[in-house]
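Visitor: model the structure of this input:
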Amino acid sequence: MTLHYPSYFPSYFSINDILATNERVPCKFERTAYGIGFLDPSSGNKDLESGTKLELPCWLARALYSRRRIVSCHLPKIFKEKYREILKADASLVDLHMLSPHFYELGQHLLPLAGTEAPDLGTLLVETLRERLRGIMDTSLNSLEDDANSHMVKLDELEKSLFHTGRKTFRDHQLWLSRRAHIVTTSPMVEQHNKRKFSELS
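Guide: As a prediction, the model looks like this:
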């Protein structure tokens, strides 16, 4: 079960994608890996022996897993059974940003590595977002600025994006209702450019 949203996965130029794939994943080397002993500074060996356990960045774990299954991967603790039960109990109350700022993005990258746990992981990602989405949209449409800011602290990066989209859509709708949507205004980018140009001339 896979989530799809265009600005993230897979996206070479997405900052969120880069940050998410730098999260560390527990791995075990299933065969000797030659010439990369530097990944384990504590060993002092040139090679990584079969059986070595290390936490590797997700992007590296995926590369080593896809090449002849050099490593086997285990889910980080935030996706293990203990946290699954917490999220199932009431996902709307969980500080998802504290668990992982890129919870959904990282989870999606881990799906190919999760083996038999992949179905549970996919279900967790979908159900967590489904449980939290109504609250995110309600808050984005109805809260004051201070309340909105305090609510956003607990959201992961995908949820923050949805929150901002909801807020902007609401403001645009209000402008349309007040017949102000047709008024042409200078875009912030052009305004910034004009200010910079003016400051250079003065």
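Visitor: contact partners for the residue nearest in space to the middle of the chain?
Guide: With distances taken as Cα atoms, centre = their mean, residue 102 lies nearest the centre of the chain, 2.3 Å away. Residues in contact with residue 102 (Cβ atoms under 8 Å, 6 or more residues apart in numbering) are 16, 19, 20, 23, 156, 157, 158. For the C-beta atoms, the positions are set from N, CA and C on the backbone; glycine is no exception.
Visitor: burial measure for residue 50, as a count.
Guide: Burial of residue 50 is recorded as 12 neighbouring residues (other Cβ atoms under 10 Å).
Visitor: where does pLDDT dip in this structure?
Guide: 1-12, 144-147, 180-187, 190, 193-195, 197-202 (pLDDT under 70).
Visitor: residues making contact with the lengthiest helix in it?
Guide: Counting by DSSP state H, the longest helix found in the chain is helix 118-142. Contact with helix 118-142 is made by 1-3, 75, 79, 84, 87-88, 90-92, 96, 103-104, 107-108, 110-112, 114, 147-148, 151, 155, 158-159, 162-167, 170, as judged by Cβ under 8 Å, 6+ apart.
Visitor: same thing but at 7 Å, please
Guide: Helix 118-142 is contacted from outside by 1-3, 75, 79, 84, 87, 91-92, 104, 107-108, 110-111, 114, 148, 151, 155, 159, 162-163, 166-167, 170, using Cβ atoms under 7 Å, 6 or more residues apart in numbering.
Visitor: buried ones in that helix, by neighbour count?
Guide: With burial defined by 16 or more other Cβ atoms under 10 Å, the residues of helix 118-142 counted as buried are 118, 120-122, 124-125, 128-129, 131-132, 136-137, 139-140.
Visitor: closest one of those residues to residue 188?
Guide: residue 140 (20.4 Å; Cβ to Cβ).
Visitor: with adjacent residues omitted, what lies nearest to that closest one?
Guide: With Cβ to Cβ, 6 or more residues apart in numbering as the criterion, residue 140 has its nearest non-adjacent residue at 3.4 Å, and that residue is residue 166.
Visitor: that neighbour: neighbour count?
Guide: Neighbours around residue 166, by other Cβ under 10 Å: 18.
Visitor: that one is in what secondary structure piece?
Guide: For residue 166, the enclosing helix or strand under DSSP states H and E is helix 157-177.
Visitor: relative to helix 118-142, how tilted is that helix?
Guide: 30 degrees (axes from the mean of the first three to the mean of the last three Cα atoms, to 10 degrees).
Visitor: centre of the chain to helix 157-177, how far?
Guide: Centre-to-centre, helix 157-177 and its host chain are 20 Å apart (Cα atoms, centre = their mean, to the nearest Å).
Visitor: extract the C-alpha set from that helix and format it as CSV.
Guide: Coordinates of each C-alpha in helix 157-177 appear next as CSV, following Å, rounded to 0.1, in the frame of the first residue of the first chain:
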residue,chain,number,x,y,z
GLU,A,157,6.1,18.2,6.9
LEU,A,158,3.4,16.6,4.7
GLU,A,159,0.7,17.6,7.2
LYS,A,160,2.1,21.2,7.4
SER,A,161,1.9,21.4,3.6
LEU,A,162,-1.7,20.3,3.7
PHE,A,163,-2.4,22.7,6.5
HIS,A,164,-1.0,25.7,4.5
THR,A,165,-3.0,24.6,1.4
GLY,A,166,-6.2,24.5,3.5
ARG,A,167,-5.5,28.0,4.9
LYS,A,168,-4.7,29.5,1.5
THR,A,169,-7.8,27.9,-0.1
PHE,A,170,-10.0,29.3,2.7
ARG,A,171,-8.5,32.9,2.3
ASP,A,172,-9.0,32.7,-1.5
HIS,A,173,-12.5,31.6,-1.0
GLN,A,174,-13.2,34.5,1.4
LEU,A,175,-11.8,36.9,-1.2
TRP,A,176,-14.0,35.4,-3.9
LEU,A,177,-17.1,35.7,-1.6
